[in-house]
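Chemist: Curious how this folds, go ahead:
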Amino acid sequence: MALRDRLRRLVQKPGSADLAPFRALVDGAGKRESRVRELSDAELTAAASVLREKEDLAELCALGREAARRTLGERPFDVQLIGTLALLSGHVAEMATGEGKTLSGALAAAGYALRGRRVHVMSVNDYLARRDAEWMGPLYAMLGVTVGWVGQSSTPAERRAAYAADVTYAPVSEVGFDLLRDRLATSAGDQVLPAPSVALIDEADSVLVDEAMVPLVLAGAADLDAADPRYADLVRRLRPGLHYATDDEARNVQLTSAGTREVERVLGLDLYAAENLRTLTAVNVALHAEVLLHRDVDYIVRDGAVKLISESRGRVALLQRWPDGLQSAVEAKEALEASPSGEILDSITVQELIGRYPVRCGMTGTAMAVSGQLTEFYSLQIAVVPPNRPCVRDDRPDRLYATAADKEVAIVEEVTAAHAAGRPVLIGTGDVAESERLARSLARAGLDRVVLNAKNDAEEAAIIAEAGAYGAITVSTQMAGRGTDIRLGGSPPAAPGTAPADTPGSDHDRVAEAGGLLVIGTGRYHSSRLDDQLRGRAGRQGDPGASVFFTSLQDDLVTRYAPDEKSKAPSDDDGLITDKGAHWIVGHAQRVAEGVDLELHRNTWRYNHLIGLQRRELLTERDAVLTGDAADKAMAASAPGKHAELTKIAGAEAVAAAARQVVLYQLDRCWAEHLAYLADLREGIHLRSLGRGLDPLVEFNREAVPAGKRLLSDARKRSVEVFEALTATEDGIDLDAAGLQRPSATWTYLVHDNPFGTLDERALRGLITMFKSR
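Modeler: Presented below is the predicted three-dimensional model:
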């Protein structure tokens, strides 16, 4: 290892990129600033166009800085340009909240575009995609770069136009859904996505880690049975401990012998007879929905529908649903009308979607905590960009209590004291139920407060914009990806397509004198990174602020991930515990949770990697069929007599078109059936491997690999059989008579992995024990 690299490892955070080359380029940009400022707007645009032929990063920074000053009224700080250069080098830029990531990302996207690369800036929701595209639009225009944005309501024509721009802002889910639709297109002209080039990801850790293995799904209308409400009524009457038991982590539930007898008595059948396996599955799913999924924690009911809550963001997870059986069971539990179900036609994970891009980079406030995963799964390095002004936030030690009740009393007292001084308080809770319970406690103490959770996330921007106002009290679920800065003194929220105000609130000095924003966490999250995201809401751009976490030995994190760790440490009259060993238990539980999440990510990736390889092989053939004459040649070779007969009647062009549709249909049909087979295999393989010392992944591959190898041959065989049965007239070839009807309706959604029934988690129940022993 070179001496320079050794020295860098000593002075920088492990896994971080060397910033020295970026600083030199920024210094060079500073020396050109006076010259660039003398350029007219047209001259500046012309100077930027030169960068398409000659790369000059210092010149790009100088031109970008001046363009931002003229069009946005913001002169990028040196650290923002360092962030831009880190992105242009293919890194993840870690920049603290309020340091101007949006502008850094826009300048980097423009830099890639001027190099001739098409850039997709992926955000976490529609609001941010549109806001940032329109906010940064004048900057792009002055640099001679076109920009567009895609949202959930965008039409195919609008999507095609947006993707044709040099830079396209879009939620990562919409890019994935467009890819899935393109992969089932029956005409090349129906596709909207260009070839992947550069993915620039906002909130990179959330997208690339928290949601990496979330499957995006394209489904087609199919007649699938809704959950029988009888089963929901039946399991509701079962008694815990007697009729069913849960594991230590509350991720799995099983009927006991007594429970099995009770279910069989009510239903009047042998639950484990071969002919009743579907009933057994339905009862188990209903039991899981009843016992393990909790309203206002895992989901809410809004407008007569079940809405899932994102664990990492605390907001409604738009378009997400559980697999159909579980989704239907929860709807039956809540006595709601069953939502449409369907057959999965295609799917892709977020990790596989991002992996398609030759160049990947991103920005976030908390990347170093997952630097290992970003390197392992994406080959990404972190560039830790220092703040423009030193952070003076006071991060106080955790306050640990013996019971959750003691903890809540202490939180109310802390908020009361801060409020009396006029200090704004932001309280981060674990779920909707806790946020509402704490809000009621604050109300009983005579404190006015605003609650932001999954039930009112439509008001998010307005609530967060005022969270820094004098004396404000805001109770919120997880703050990751909120997308709106908290300014001391408060500030009006930006309307879609307009720039957020960057001036201090009217009471900035008054709030600063009171100590700035106080952030309170009501418990440690399952990841220290989420703790850091909450802390980062205070101390923006050198402002004063403080953070403190209140925890208890009864917190879910401790009882789930360190249930065997007991503390006999004494507490004071208020329940406060100062013993270091007791505090270690909380940190240990969080480390166990992080280890389990990482192993689940790895294990899920191993399964999906094989499926992705099989899909790519099939897509190679499909693309040849869609865009060329591969299908026509194949049918002419495999069914020469029929091909000649149809050509004589309908003409060569009609036969080629018919052959294309026949082969595309069979390729898509075989893939949908293969996905269904793999889903059943993945669930069933666990039962076969239990108690036999077998590796579930090895057993899965043993059957999935041969099935994948049969895919293309099966599709080709079916295609020939259908082609042989086609009939033709002078008016054309009747494909409907050949049974090639596609689903009458399709829709897209994200699957929220079954938190208790997937093979991944069941096969990894021993992980918690393993990490405890470490």
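Chemist: just checking, residue 97 is part of a helix?
Modeler: No - counting by DSSP: H, G, I helix; E, B strand; the rest coil, residue 97 falls outside a helix, being coil.
Chemist: Count the neighbours of the residue nearest to it when sequence neighbours are not counted for me.
Modeler: Among residues not flanking residue 97 along the chain, residue 536 sits closest, at 4.3 Å (Cβ to Cβ, 6 or more residues apart in numbering). Yep, even glycine has a C-beta here, placed from its N, CA and C like the rest. By other Cβ atoms under 10 Å, 21 other residues sit near residue 536.
Chemist: how much space between residue 536 and residue 102?
Modeler: Residue 536 is 16 Å from residue 102, where distance means Cβ to Cβ, to the nearest Å.
Chemist: got it, and residue 373?
Modeler: Relative to residue 102, residue 373 is positioned 24 Å away (Cβ to Cβ).
Chemist: for residue 736, same thing?
Modeler: Applying Cβ to Cβ, the value for residue 736 to residue 102 is 50 Å.
Chemist: who has more neighbours, the two?
Modeler: Shown here are residue 736 and residue 102; by other Cβ under 10 Å, residue 102 has more neighbours (20 against 7).
Chemist: moving C-terminal of whichever strand or helix holds that one, what's the next helix or strand?
Modeler: Secondary structure assigned from DSSP states H and E places residue 102 in helix 101-114. Going down the chain from helix 101-114, the next helix or strand is strand 119-123, by DSSP H and E.
Chemist: now for that following strand, which elements pack on it?
Modeler: The contact analysis (3 or more Cβ pairs under 8 Å, 6 or more residues apart in numbering; DSSP states H and E) places strand 119-123 against helix 101-114, helix 126-135, strand 167-171, helix 172-182, strand 198-202.
Chemist: what about it, average pLDDT?
Modeler: The average pLDDT within strand 119-123 is 96.
Chemist: start the count at 14, not 1, going forward
Modeler: Yep, numbering from 14; the last one is strand 132-136 now.
Chemist: contacts for it?
Modeler: 118-119, 122, 125-126, 142, 145-146, 179-185, 188, 209-216, 220, 370, 496 (Cβ atoms under 8 Å, 6 or more residues apart in numbering).
Chemist: so how many other residues sit close to residue 201?
Modeler: So residue 201, with other Cβ under 10 Å, has 11 neighbours.
Chemist: The closest residue to it other than its chain neighbours: how many residues sit nearby?
Modeler: Closest residue to residue 201 apart from its sequence neighbours, by Cβ to Cβ, 6+ apart: residue 640 at 5.2 Å. Residue 640 is flanked by 12 other residues according to other Cβ under 10 Å.
Chemist: so where's the stretch 564-713 of the chain uncertain?
Modeler: Within the stretch 564-713 of the chain, the ranges that satisfy pLDDT under 70 run 696-706.
Chemist: Would you check how far apart residue 78 and residue 600 are?
Modeler: The spacing between residue 78 and residue 600, counted by Cβ to Cβ, is 43 Å.
Chemist: what about the two, which has more around it?
Modeler: Applying other Cβ under 10 Å to residue 78 and residue 600 shows that residue 78 carries more neighbours, namely 27 against 14.
Chemist: Kindly calculate the angle that the helix or strand harbouring the more buried one makes with helix 139-148.
Modeler: Per DSSP H and E: residue 78 is located in helix 70-85. Per axes from the mean of the first three to the mean of the last three Cα atoms, to 10 degrees, the angle that helix 70-85 makes with helix 139-148 is 100 degrees.
Chemist: Which other helices and strands does helix 70-85 contact?
Modeler: Short answer (3+ Cβ pairs under 8 Å, 6+ apart): helix 70-85 packs on helix 33-44, helix 46-50, helix 54-63, helix 91-101, helix 114-127, helix 150-155.
Chemist: mind listing what's buried in the first one?
Modeler: Applying a neighbour-count criterion of 16 or more other Cβ atoms under 10 Å, one finds 35, 38-39, 42 buried in helix 33-44.
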